[in-house]
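Engineer: give me coordinates for this.
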Amino acid sequence: MSTNKRTPSHEQSAVGTRKRLPRVAAFTLYGLGFLTSQVSLTGCGPSTNSEVKPSGTVTAANTGGSSAPVRVRSFSDSRPVKSLAAAAGLVWVGTPRGLVRWSTTSEPPTPAVLTTIDGLPADRIEGIALDQKGGVWVTTSKGVGHFASGSWTKYPKAPVGDLVAGIVVTPDGDNVWVGGSDGLARLKDGQWERYAAGTTVTSLVHDGGSGVWIGTSGKGIMRVVKQDMLQYGMAEGNDIDNVRAMVADASGSLLSVGDGPGGQRVAFFDGNRFWSYRVDNANVIEWVQRVGSDLFLGAGQSVWTMKRVATAAEVRGPIKFSYSGSPSLGAPKAQPLAGMIVKDAAPPPPPPEAAPPPPPVDPKAKGGKKDKAGKKTSALSVPSTETYASATMEAASPQGPRPVRPWLVAGPGGSGGAAPLFDTDLVDVRLPDGITTVSADADSLYVGTRFLGVMRIQKGKQTPLRLFDLTAGAERLSVACVNNNDCYVATGGTQAWRFDGQTFEVTNVDPEKGSHVLSVVRDPMGAVIALHRGASSRVVRISRVGSKGDWAPVGLTPLEVPTGVPDLSFANFSPKGQLWVGLRYVDKEQDARAYGAAEVYVDDGRVVYHRQRPTGTQPGVSQGVNVPSDVTAIAWKGATEAWLASGAGAVRLVDNKTVKVFTENDGLESELVHDVIEGLSSQIWIATSRGIGVWDGNRWAFPKEPPYNVKASALTRDPDGRIWIGTDRGVIQVLSEKRTYQIGTRSGLLDDKILNMGVDVRGRVWVLTEKGISVIESIQAN
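Structural biologist: Below you'll find the model as predicted:
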C-alpha cells in the first residue's frame, strides 16, 4: 500500500541474505537421533551487511569507488521453526501454529500444515522425534502426541517445566524421554516418570542404544545407562557446565559444545572417557551436527567441518582446540534411577478409549489416548520405515600422514593416552538468517529459521522449504511501528501481523470471524491505528493499539460504496490531519473495483468523497472534487498540494479545489501511473511501465538512461531524502541523479519483482514481493 511519501509513516520488516552451500557430504540419521537442543539466537539473527553493487549509471568518480552498504532482511514465513526432524523423504517442522510436514520426494516439495483438527494435542509444537518404526512423536503445549498406523495417540504433558528442550526416542524403542526447564521425564506404560527435578535440561540425544545423553545448564552432562544416572563434571573430564548442543553416534561417541568456568569449551567422549578443549576462536559455536562421516559446527551464518587428525602438524584450521582437561580422571558419579523418581510429579493418565476392534499398540504406548475411528488424519500418510535408520558407521582409523575424514570414532584417545587432535575447515557457505535449529536425514542437512522456513542442503544443492504465507496473495503493504521492535503489518487480508524484531505473530485487531484489516498507519500524534471491517460490513472500524499490543476501538466510519464491502488501496494522513484513503469496493464476484478517494475526519466521522461523477450533477454535502476513480497512491507537496497516481494519469489537486489530470497529451509516456512521490529537488516523480516520469513544475520528462527507464511499480522517499524505486528487477536506491545503486536477490531480496513499498520514520524501506517482505536499511548516511 502506498503511503505519504513526503512525511513517511510506515515501518518495515527486515530480511537476511541467503547464499548457497557449494557442496555438502551425504548425511546419515542413525545414531544421531534428534538434535533436541533448540538453538535460539539473540535478536533477529545476524543480518547481512550487503555491499550493494552500483548500477550501470554509477562510475568510480561518482561514488569514490565505494558501494552503498545496506542491511537487508527478508521474511517469507509467519511460522518460526522451533524443532525439526527428517527421514524417509518427509521433513517434520514444529511451529507455534501447527506441525508442518514437507514431502521432499515431489518436485517441488509439497507441504501440509497439521493442527488439532488432524489429531494433535495442541497447535504449539515444542519438540519432534522419530522412532525406528516410522512413528512421529511431538511435544506440545497440552501434551505429547504419537503418530503411528495412521492416527494419533495422546499422552499427558511431560512434567519437565514450561520450556521443553526436546524429546528423544531411543533406537531400541523402549524409552521416550523429554527434557525441559525443570528436569527430565520418561514415558513408561503411558505414565510419566520424572527425574532430576530442579535441573534445567538444554539438550537431549540418545546414545545409540537404550540410553540417553542429557545436556544441562549448570550441571554439566548426564547420561542414563540402563537403570543408572551418570554425572560428568570436571573431575570426569568434562569442562562444560552449560551445554548448548550435543551430537552422538551409534558407536558411543559424543561431542558437546557449551561454556565452562574458563569460557567456551568443547567436550568429546570417545566411548571410554571425556576430553575437554578450549575453543580459540571469537565465534560462539551454537550447534553441532553429523552429516555422514563429516561433523559440522555452526556459529551464526558460518559453518566449519571438524575432523580428527593423527599429528599436531595437521592442525591448520581457523578454529583451534586446546586440551584443557586432566589426564587423571575419576569414575562418573552414578545414582540409581529408581531413587530419583519424583513420586507426585506426573498426573494420572486418561483411560484409553474403547475402539472395537482395538488397534495394535506398542508396549511403550500403553495407557495413551488414541483418536477415535474416523478422526481426521488424512493429511498424514504413514511414513515408510525403510530409511529411518542407516547402517552403523564404520570406525575409521588413520592411514598415512593425512587420514581421511573419519568422524569421532569410539575407543581410547591418542597413543600413550594423549588427547585426541582435531582440525577444522571453514565451509564456503552462508546460512540463512535467524537459525533456530539444525537436523539431518540420510542425505541432507536441514536448517530451521525464524522467518525463512527451512533450508534443505543436499549434495551441493539448496532447496528452500517455505510456506510463503506471510503475504500470500497480497498486492499492497502497510506498516506502522510504535518503535523499532514493535511494528504492525497489514496486507488487506484477514490477518494482520505484529513484528517484534524477530518473528511475526498474528495480532487480533478485529474479533469478528472473517474480518479484514485493510491498513495500518501512524496518526499525527504518532499512535498506530488500524482500519478494518467485518466480513460483510460496509462500516470501516478504526482501532488504536495499546502498550501491550491490544487493540481498542476509537471510531466507526461508514464508507459509501455502490455494492459489496469497502476496500482500500492506500491510507495516509494529510499535513492538515485528515485521513485520505483510496476507496475500492469488493463486488459479489469478489473483484475489487476502484471508487475514487475519501477524505475522513477521524474526530467526528465525517467523510468527503473525491471521485468522478456524471456531467451536470451537483455535488452533495459530502462530495469533493472530481478525480479519477482508480487512484492508487497519494503524496503531498506542502500542505495544500496533493498528487495522486491513477490509471488515467497523474493527478494534481490544489487546495482541494483545482484538479488537473496529466495524460499523454501533456507529455506522459504512459497514463497508467502506479505510484507518486516528491522526488529530488522538490520535483514530482511518478512510476509507470515506461519508466520514471519527472515533473519540474512546467513539463514532464522521462529519462532514457538506466535505471530510470525501467518498468517501475513503486516509489518511496526516506527521511534523509533518498529515493527508492521498485522495479521488476529489484530496488534502486537514488542518492542523486547520477548516483544510484541496485539491490536485488543477490543482496538479500526474496524476489526481484517489486509489488509495493513503504518507508518508516526510521528510514527503513519495506518491500513487498510475491514471496514475502524485505526490509532495507542504510548502514551509513550518504
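Engineer: rest of the way, CA atoms for contacts and neighbours
Structural biologist: Fine.
Engineer: for stretch 712-720, what is the average pLDDT?
Structural biologist: Mean pLDDT, stretch 712-720: 95.
Engineer: quick one: contacts of it?
Structural biologist: Residues outside stretch 712-720 that contact it (C-alpha atoms under 8 Å, 6 or more residues apart in numbering): 2, 5-8, 674-679, 686-692, 723-728, 754-765, 781.
Engineer: just the C-alpha atoms of it, please, in PDB.
Structural biologist: Listed next in PDB are the C-alpha coordinates belonging to stretch 712-720 (Å, rounded to 0.1, in the frame of the first residue of the first chain):
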ATOM      1  CA  ALA A 712       8.600   0.900 -12.300                       C
ATOM      2  CA  SER A 713       6.000  -0.200  -9.900                       C
ATOM      3  CA  ALA A 714       6.600   1.600  -6.600                       C
ATOM      4  CA  LEU A 715       8.300   4.700  -5.200                       C
ATOM      5  CA  THR A 716       9.100   6.000  -1.700                       C
ATOM      6  CA  ARG A 717      11.300   8.600  -0.100                       C
ATOM      7  CA  ASP A 718      13.100   8.200   3.200                       C
ATOM      8  CA  PRO A 719      13.600  10.900   5.900                       C
ATOM      9  CA  ASP A 720      17.200  11.500   4.600                       C
END
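Engineer: how far does that stretch sit from its chain's centre?
Structural biologist: 26 Å (C-alpha atoms, centre = their mean, to the nearest Å).
Engineer: stretch 297-316 too?
Structural biologist: 29 Å.
Engineer: now that stretch: buried residues?
Structural biologist: 297-310, 314-315 (16 or more other C-alpha atoms under 10 Å).
Engineer: which of these lies closest to Gly549?
Structural biologist: Distance ranking of those against Gly549, using C-alpha to C-alpha, places Gly300 first at 30.1 Å.
Engineer: next one: phi and psi at the closest one?
Structural biologist: When read as degrees, to the nearest 10, the backbone of Gly300 gives phi 60, psi -130.
Engineer: same check on Arg541?
Structural biologist: According to degrees, to the nearest 10, Arg541 has phi -90, psi 150.
Engineer: next up, the contacts around Ile754.
Structural biologist: Applying C-alpha under 8 Å, 6+ apart to Ile754 gives the contacts 713-714, 726-731, 767-770.
Engineer: got phi/psi on it?
Structural biologist: phi -90, psi 130.
Engineer: ok, Ile723 - contacts?
Structural biologist: Shown in contact with Ile723 (C-alpha under 8 Å, 6+ apart): 679-680, 715-717, 733-735.
Engineer: which of those residues are buried?
Structural biologist: When the contacts of Ile723 are checked for burial by 16+ other C-alpha under 10 Å, the buried set is 679-680, 715-717, 733-735.
Engineer: out of the residues you listed, which is nearest to Lys461?
Structural biologist: For those, the nearest to Lys461 is Gln733 (31.8 Å; C-alpha to C-alpha).
Engineer: what helix or strand is the closest one on?
Structural biologist: strand 730-736 (DSSP states H and E).
Engineer: which ones among the buried residues of stretch 297-316 lie within strands?
Structural biologist: The strands, defined by DSSP state E, take in 297-299, 302-309 from those.
Engineer: those into a markdown table, with extra columns for pLDDT and distance to Gln623?
Structural biologist: As requested, these are arranged in a markdown table below (pLDDT from 0 to 100; distance: C-alpha to C-alpha, whole Å):
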| residue | pLDDT | distance to Gln623 |
| --- | --- | --- |
| Leu297 | 92 | 67 |
| Gly298 | 92 | 63 |
| Ala299 | 93 | 61 |
| Ser302 | 90 | 61 |
| Val303 | 89 | 63 |
| Trp304 | 92 | 67 |
| Thr305 | 90 | 70 |
| Met306 | 93 | 73 |
| Lys307 | 94 | 76 |
| Arg308 | 94 | 80 |
| Val309 | 94 | 82 |
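Engineer: tell me which of those is nearest to Gly473?
Structural biologist: Taking C-alpha to C-alpha as the measure, Gly473 sits nearest to Ser302 out of those, at 33.8 Å.
Engineer: surely that closest one is in contact with Pro432?
Structural biologist: No - the pair Ser302 / Pro432 is not scored as a contact, 9.7 Å apart, by C-alpha atoms under 8 Å.
Engineer: Pro159: neighbouring residues, count only.
Structural biologist: If you count neighbours by other C-alpha atoms under 10 Å, Pro159 ends up with 25.
Engineer: now it: how far from Glu737?
Structural biologist: According to C-alpha to C-alpha, to the nearest Å, Pro159 and Glu737 sit 65 Å apart.
Engineer: repeat that for Leu84.
Structural biologist: According to C-alpha to C-alpha, Leu84 stands 49 Å off from Glu737.
Engineer: out of these two, which sits in the busier spot?
Structural biologist: Leu84 (29 against 10).
Engineer: for the more buried one, give me its contacts.
Structural biologist: Listed by C-alpha under 8 Å, 6+ apart, the contact set of Leu84 reads 34, 91-94, 127-128, 437-439, 446, 448.
Engineer: confirm that it sits in a helix.
Structural biologist: No - under the criterion used here (DSSP: H, G, I helix; E, B strand; the rest coil), Leu84 is strand, not part of a helix.
Engineer: follow-up on the earlier one: need the max-distance pair from the buried ones among the contacts of Ile723.
Structural biologist: The largest separation in these, counting by C-alpha to C-alpha, is between Leu715 and Leu735 at 13.8 Å.
Engineer: of the contacts of stretch 712-720, which belong to strands?
Structural biologist: The strands, defined by DSSP E, take in 674-678, 686-688, 691-692, 723-727, 756-759, 765 from the contacts of stretch 712-720.
Engineer: among these, which ones are buried?
Structural biologist: The neighbour count (16+ other C-alpha under 10 Å) marks 674-678, 686-688, 691-692, 723-727, 756-759, 765 as buried among the ones in strands among the contacts of stretch 712-720.
Engineer: Glu505 versus the residue positioned nearest the centre of the chain, what's the distance?
Structural biologist: Geometric centre of the chain, nearest residue: Phe451, 0.8 Å, by C-alpha atoms, centre = their mean. From Phe451 over to Glu505 the distance is 11 Å, taken as C-alpha to C-alpha.
Engineer: shared neighbours, the two?
Structural biologist: With C-alpha under 8 Å, 6+ apart as the test, Phe451 and Glu505 both reach 78-79.
Engineer: just the C-alphas of stretch 287-297, formatted as CSV.
Structural biologist: Written as CSV, here are the backbone C-alpha positions of stretch 287-297 (Å, rounded to 0.1, in the frame of the first residue of the first chain):
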residue,chain,number,x,y,z
TRP,A,287,25.2,-26.1,17.1
VAL,A,288,26.8,-29.3,16.1
GLN,A,289,25.5,-31.9,13.6
ARG,A,290,26.7,-35.0,11.9
VAL,A,291,26.5,-35.5,8.1
GLY,A,292,27.5,-38.9,7.0
SER,A,293,31.2,-39.2,8.0
ASP,A,294,31.5,-35.4,8.5
LEU,A,295,30.9,-33.3,11.5
PHE,A,296,29.8,-29.7,11.3
LEU,A,297,30.0,-26.8,13.7
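Engineer: what are the buried residues along it?
Structural biologist: Neighbour-count burial for stretch 287-297 flags 287-297 (criterion: 16+ other C-alpha under 10 Å).
Engineer: can you check stretch 262-277 too?
Structural biologist: 264-271, 273-277.
Engineer: alpha carbons only: can I get stretch 573-592 in CSV?
Structural biologist: These are the backbone C-alpha positions of stretch 573-592, laid out as CSV (Å, rounded to 0.1, in the frame of the first residue of the first chain):
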residue,chain,number,x,y,z
PHE,A,573,-2.8,11.3,6.9
SER,A,574,-2.5,14.7,5.2
PRO,A,575,-0.4,17.5,6.6
LYS,A,576,-3.7,19.0,7.9
GLY,A,577,-4.6,15.9,9.8
GLN,A,578,-7.3,14.3,7.6
LEU,A,579,-7.1,10.6,6.8
TRP,A,580,-7.1,10.1,3.0
VAL,A,581,-7.9,6.6,1.6
GLY,A,582,-8.0,5.2,-1.8
LEU,A,583,-11.5,3.7,-1.9
ARG,A,584,-12.5,0.5,-3.6
TYR,A,585,-15.3,-2.0,-3.2
VAL,A,586,-15.4,-5.8,-3.5
ASP,A,587,-18.4,-6.9,-5.6
LYS,A,588,-20.3,-10.1,-5.4
GLU,A,589,-17.7,-11.8,-7.7
GLN,A,590,-15.1,-10.8,-5.2
ASP,A,591,-13.4,-8.4,-7.6
ALA,A,592,-12.1,-5.1,-6.3
